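**Q** Generate a structure from the sequence data that follows.
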Amino acid sequence: MAANIQDVGAVPQPRLLEWLRVNGVDHEIHEHATTITATATARAEGIDPRRFAKTVCVIADDRPALVVVDAVDRIDLAKVRHVLAADDVRLASEGELVEFAPDFEVGTIPPIGDLFDARVIADFAVRDDPEISFHAGSHSFTVHVDRAAWERATHVVYADIALADHDRAAWASS
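**A** Numbers count the residues shown, from 1 in each chain. The predicted structure follows:
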């Protein structure tokens, strides 16, 4: 059942908090002023945007997948298509995001595939961070976790998926 639109974002997403607890992922929840972009959220949290995990939902051959990059990076859909061995990969539309995660504010999906029956693919740059932060289902809350604990619990696959600058992989410049 979808959450009441007035309630979505009022608190950290309960399914996310339960997943963190059940999977033994130590975490801290932080509340901040409402932000829209991952970079703005990182700044509101006072952390380096390269330590804030931006989660983007893509549709790969009609199946959703979660793609994770540093907040300042952009996704290279051709690389994602290759990693997912898909014929077609595109960004999910806003309507698809609402259907995919009705109890999460659009743009605040955490990189937890178990919550959505989706694969999680992350850029190599994310692997370099000892801790990561990401949206907690709300534009006003984030969760900070030990990257290794998140990695073990999500079974994330790492690959070079960020758009490269000047013929260098994004992870090589972080």
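**Q** what does the host helix or strand of Phe134 contact?
**A** Assigned by DSSP states H and E, Phe134 falls within strand 131-135. Here strand 131-135 makes contact (Cβ atoms under 8 Å, 6 or more residues apart in numbering) with 30, 38, 41-42, 45, 47, 51-55, 68, 105, 107-111, 126, 141-147, 150. Every residue, glycine included, has its C-beta placed from N, CA and C.
**Q** Let's see which of the residues you listed end up in helices.
**A** Those of the contacts of strand 131-135 mapping onto helices are Ala38, Thr41, Ala42, Glu45, Val126, Arg147, Trp150, per DSSP state H.
**Q** so the third one makes contact with Ala71?
**A** Pointing back at Ala42 there. Yes: if you go by Cβ atoms under 8 Å, Ala42 and Ala71 touch, sitting 5.1 Å apart.
**Q** can you pull the buried residues of stretch 13-29?
**A** Gln13, Arg15, Leu16, Leu17, Trp19, Leu20, Val25, His27 (16 or more other Cβ atoms under 10 Å).
**Q** same check, this time on stretch 107-126
**A** 107-113, 115-116, 118-126.
**Q** Only C-alpha atoms, please: export the strand holding Phe134 in CSV.
**A** Once non-C-alpha atoms are left out, strand 131-135 reads as follows in CSV (Å, rounded to 0.1, in the frame of the first residue of the first chain):
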residue,chain,number,x,y,z
GLU,A,131,31.7,5.1,4.6
ILE,A,132,28.9,6.2,2.3
SER,A,133,25.8,8.2,2.8
PHE,A,134,22.6,8.0,0.8
HIS,A,135,19.0,9.2,0.9
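**Q** Make residue 1 into 103 and carry on from there
**A** Got it, first residue is 103 now, which makes that one strand 233-237.
**Q** quick check: angle from that strand to helix 140-147?
**A** Put simply, strand 233-237 runs at 110 degrees to helix 140-147, going by axes from the mean of the first three to the mean of the last three Cα atoms, to 10 degrees.
**Q** How far off centre is strand 233-237?
**A** 8 Å (Cα atoms, centre = their mean, to the nearest Å).
**Q** State the mean pLDDT of that strand.
**A** The average pLDDT within strand 233-237 is 94.
**Q** go on, stretch 195-212?
**A** Averaged across stretch 195-212, the pLDDT comes to 94.
**Q** Give me the subset of the buried residues of stretch 115-131 lying in strands.
**A** His129 (DSSP state E).
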